[in-house]
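Asks: Please work out how this folds:
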Amino acid sequence: MNEILAQVLTVGTLAVILAKIAPILLAAIGGAFTHMGNILNIGLEGMMLVGAFAAVAVGSITNPYVGILAAMGAALVFALIFAVAALIFKADFIVVGIGINLLATGATVLMLTVFYGNAGVTPSGVKANLAHLDLGLLSKIPVIGPAINDQTILVWLAFLLVPAYAYVLYRTRYGVHLRAVGEDEPAAVAAGINVFKVKFMAILLSGIFCGLAGAQLAMATVGSFTAGMTASRGFIAVAALTFGLGRPWRTLIACAIFGAADAVADRLALAGLNSSLSLTTPYIITIAALVLAAIRVRSALKARAKKALLAAGA
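Replies: Model prediction:
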């Protein structure tokens, strides 16, 4: 037991946790925009997946930063499909999200086969790795320094986007409109808010952030693409933003919990613990978080209904 704890409780584990949090957090922030507009976007998984493929495919023949732009563009296309299907053709959000995930899975396997002749993974010569930033003197800070040093720019961006999202949500006209649409759409329409425009923009933003998440996932360490490499991280992001109710700091905390669980699971596997058991840890926590979130939402709805009845009686 002591050997396992010594393997897990290290500065290296903290560094891995930060790297694990980044893609989940980026996707969760994107999904939080749609959540605040009363849209449950379970298509985050598919958007991340196509973003990861585009990042490696384009980044390997240009440079990784162009690959980031390609990832954002590819995920944005899938977000546009989601928006058109859900908002213009009035399809169910859940069904459209499932369709996006299935389309992304099939499209990436098809492109792997067409471009590289291998349906499972990009060839060894196709590589795109993001540079890891050396912080110089800051890396000498005890414990924290080594953990934050040698991370990619997208890890830093993920954490910086949390206060940026908070500012947009609570300090801008669009954020006010988005929250109004999510809380009471008929009232927002009566107030003259363009609900279609607000929701459309939220879905596109979710695609952009998922593209960044896919780029971090693919190019931070391995630098290659493997079919299905997102491995349900998009669904974990949905769980995180649901648990955090789409709020910036709550969502960050939820992502930190999931990222830590994922990192600790990797460390436990390296320490010799049963790998199948350790790999289930993030998903067990995800299920528990969703159950707790459902209980909280149900309690909030009951409280709101009771308040409305009391007001009507008065």
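Asks: Poorly predicted segments of this structure, please.
Replies: 1-12, 266-283, 285-286, 289-290, 293-294, 296-297, 300-301, 304-305, 307-308, 311-314 (pLDDT under 70).
Asks: can you give me the strands for it?
Replies: 132-133, 151-152 (DSSP state E).
Asks: Out of those strands, which is the most enclosed?
Replies: Comparing those by mean neighbour count (mean count of other Cβ atoms under 10 Å), strand 151-152 comes out on top with a mean of 21. Glycine gets a C-beta too; all of them are placed from N, C-alpha and C.
Asks: And that strand, what does it pack against?
Replies: Contacts defined by 3 or more Cβ pairs under 8 Å, 6 or more residues apart in numbering; DSSP states H and E place strand 151-152 against helix 11-36, strand 132-133.
Asks: Tell me which other helices or strands the last one touches.
Replies: Using 3+ Cβ pairs under 8 Å, 6+ apart as the contact definition, the elements that strand 132-133 packs against are strand 151-152.
Asks: for the helices and strands packed on strand 151-152, which one sits closest to I100?
Replies: helix 11-36 (12.3 Å; Cβ to Cβ).
Asks: Give the buried residues for the closest one.
Replies: By neighbour count on 16 or more other Cβ atoms under 10 Å, the buried set for helix 11-36 is 13-36.
Asks: V222 versus the closest residue to L154 other than its chain neighbours, what's the distance?
Replies: Distances taken as Cβ to Cβ, 6 or more residues apart in numbering put Q216 closest to L154, at 4.1 Å, once the chain neighbours are dropped. According to Cβ to Cβ, to the nearest Å, Q216 and V222 sit 11 Å apart.
Asks: Settle it for me: which of these two has more neighbours?
Replies: Q216 (30 against 16; other Cβ atoms under 10 Å).
Asks: OK, contacts around that one?
Replies: 22-23, 26, 130, 152, 154-155, 158 (Cβ atoms under 8 Å, 6 or more residues apart in numbering).
Asks: how close does A180 sit to M36?
Replies: A180 is 10 Å from M36, by Cβ to Cβ.
Asks: so what sits against both of these two?
Replies: With Cβ under 8 Å, 6+ apart, A180 and M36 have no common neighbours.
Asks: The strands of the chain: which one's closest to L76?
Replies: strand 151-152 (21.0 Å).
Asks: Relative to that closest one, what are the paired strands and their orientations?
Replies: strand 132-133 (antiparallel) (DSSP bridges).
Asks: Pull the residues that contact the strand it pairs with.
Replies: 149-153, 156.
Asks: Check the residues you listed against T113 and report the nearest one.
Replies: Of these, the one sitting nearest to T113 (Cβ to Cβ) turns out to be T152, at 29.1 Å.
Asks: Now that closest one. Nearest residue, chain neighbours left out?
Replies: L130 (4.3 Å).
Asks: what about the one you found, how many neighbours?
Replies: Neighbour number of L130 under other Cβ under 10 Å is 24.
Asks: so how far is G67 from the closest residue in space to V56 that isn't next to it in sequence?
Replies: Once flanking residues are discounted, V56 sits nearest to F225: 4.2 Å by Cβ to Cβ, 6+ apart. From F225 across to G67, the span is 11 Å (Cβ to Cβ).
Asks: intersection of neighbour lists for those two?
Replies: Joint contacts of F225 and G67 (Cβ under 8 Å, 6+ apart) are 55-57.
Asks: can you put those residues in JSON lines and add neighbour count and distance to L138?
Replies: What follows is the shared contacts of F225 and G67, written out as JSON lines (neighbours: other Cβ atoms under 10 Å; distance: Cβ to Cβ, whole Å):
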{"residue": "A55", "neighbour count": "32", "distance to L138": "27"}
{"residue": "V56", "neighbour count": "29", "distance to L138": "30"}
{"residue": "A57", "neighbour count": "24", "distance to L138": "34"}
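Asks: Which of these fall in helices?
Replies: 55-57 (DSSP state H).
Asks: can you pull out the helices in this structure?
Replies: 2-8, 11-36, 44-59, 64-83, 93-116, 144-148, 153-171, 173-183, 185-190, 195-219, 233-243, 248-270, 275-279, 281-313.
Asks: Thought R179 was touching I193, still the case?
Replies: No. With contact defined as Cβ atoms under 8 Å, I193 does not count as touching R179 (10.5 Å).
Asks: before we move on, the earlier item: for the residue nearest to V56, grab phi and psi.
Replies: In terms of degrees, to the nearest 10, the main-chain angles of F225 are phi -120, psi 140.
Asks: For burial, what's the neighbour tally of it?
Replies: By other Cβ under 10 Å, neighbour count at F225 equals 27.
Asks: now I98
Replies: I98, neighbours per other Cβ under 10 Å, totals 15.
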